[in-house]
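1. sequence unknown, structure follows:
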């Protein structure tokens, strides 16, 4: 690996950043309309829409809560991570 | 072979054109200015193979050159003094990313006070940046070093950025009889990068973030690379001598004359010391390759000497010595003294050197004296 060059690119998913989180976004599946706005805004690509509902990947979500602020129907709330 | 009477800077521009870098990004600064000036003339006349990127600072110049080299293209810039200082941050990126960039440093004093004339403080201050550093004695050697530098830097065993240093004004602005080869006779093949390049089919990450352990390992690798390439530098120097008929010591250091006492120095005023050596009978050991530091070769050359005097145009502030003295001290334990000369372009004629050298017998070990 001369000069620290990484040739097996696309390996970011192996770097788990979930432990950085202070607040955890929580999706209320009853309110979620599966519009995908949160997925589009998530800077960590940590949200997927599965069967019409937002699913958060807590291994990679850093807890920025942008999803909470962009959700058009207020389906995402936040909880402080357990200490 | 055509020998021409040419200005040092123009000879460098001539050889850079032959070396055909794909990207040249230069921000002219005295005394390196005539190099980009002449290269721009070549471009205007359609005689330059590569593209000149017009940049707004030396920081941009070296950044553009790093980008080009990371893309897999041979890249070039030239600078001096404050310009090199402004490049400082990016120099470490270039060496850390192992990019075989070659730059010409026209050595000049650093401010303050503001001064445009020659000393070595600019490049000496970058001695720990991970770059290779070569110092030429005359413009012919600088031309030859430029050719060797690309071949060394791009060698798969090396992959390190390189500074070719030439004394500002004393070499850049003086005319000399210089043999600039008409072609490189295949001595420096086209750069075909295998480690760092841009290819959408083979994506790679360069200059990435690294946590403590990989960072530590990569920095250790950089030092190991520096320490392992002495044979490559010698080999390229020897091959160059076979093709072009000129050689400089063993490629690392040059030993001139004989004597029980030695003078160690670098750069253009070595010639004045050689003139004095002929008169006073000491040996001149000129460091040509300063980084990596040729400690074994110097230790062998200095072994058994009665005294060693290091003449240099830089200060390692706070140590009481110049940087070259401090480095040479690591390989020689006998009586060794230091002369700091020529700062800010102060002329160092043979007469001044003679006056200083004659003080060596009365000087104590490790004593430093200044030219004025």
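-> In hand now; what should we look at? Being a predicted model, the structure only gives us computed values, none of them experimental.

2. what residues are up against residue 18?
-> Using chain A here. Taking CB atoms under 8 Å, 6 or more residues apart in numbering or on different chains as the contact definition, residue A:18 lies against A:58, A:59, A:60, A:61, A:62. Yep, even glycine has a C-beta here, placed from its N, CA and C like the rest.

3. try again with chain B
-> Counted by CB under 8 Å, 6+ apart, residue B:18 has contacts B:180, B:181, B:183, B:184.

4. Make JSON lines out of the residues you listed and add secondary structure.
-> Rendered in JSON lines, the data for these read as follows (DSSP: H, G, I helix; E, B strand; the rest coil):
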{"residue": "B:180", "secondary structure": "coil"}
{"residue": "B:181", "secondary structure": "coil"}
{"residue": "B:183", "secondary structure": "coil"}
{"residue": "B:184", "secondary structure": "coil"}
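
5. just the buried members of the contacts of residue A:18?
-> Burial of those was assessed by neighbour count (16 or more other CB atoms under 10 Å in any protein chain shown); the buried members are A:60, A:61, A:62.

6. Tell me the predicted confidence for the residue of the stretch 201-350 of chain B found nearest chain A.
-> Of all residues in the stretch 201-350 of chain B, the one sitting closest to chain A is residue B:205 (4.1 Å; CB to the nearest CB). In this prediction, residue B:205 carries a pLDDT score of 92.

7. just checking, it touches residue A:9?
-> Yes - under the contact definition of CB atoms under 8 Å, residue B:205 touches residue A:9, with a separation of 5.5 Å.

8. out of those two, which sits in the busier spot?
-> The neighbour comparison of residue B:205 against residue A:9 (other CB atoms under 10 Å in any protein chain shown) goes to residue B:205, with 15 against 11.

9. Generate JSON lines for the contacts of residue A:18, with secondary structure, pLDDT and distance to chain B as supplementary columns.
-> As requested, those are arranged in JSON lines below (DSSP: H, G, I helix; E, B strand; the rest coil; pLDDT from 0 to 100; distance: CB to the nearest CB, whole Å):
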{"residue": "A:58", "secondary structure": "coil", "pLDDT": "96", "distance to chain B": "22"}
{"residue": "A:59", "secondary structure": "coil", "pLDDT": "96", "distance to chain B": "18"}
{"residue": "A:60", "secondary structure": "coil", "pLDDT": "96", "distance to chain B": "16"}
{"residue": "A:61", "secondary structure": "coil", "pLDDT": "97", "distance to chain B": "20"}
{"residue": "A:62", "secondary structure": "coil", "pLDDT": "96", "distance to chain B": "15"}
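
10. and the closest residue to chain A within chain B, what helix or strand is that in?
-> When distances are taken as CB to the nearest CB, chain B reaches nearest to chain A at residue B:98, 3.2 Å away. Using DSSP states H and E, residue B:98 sits in no helix or strand.
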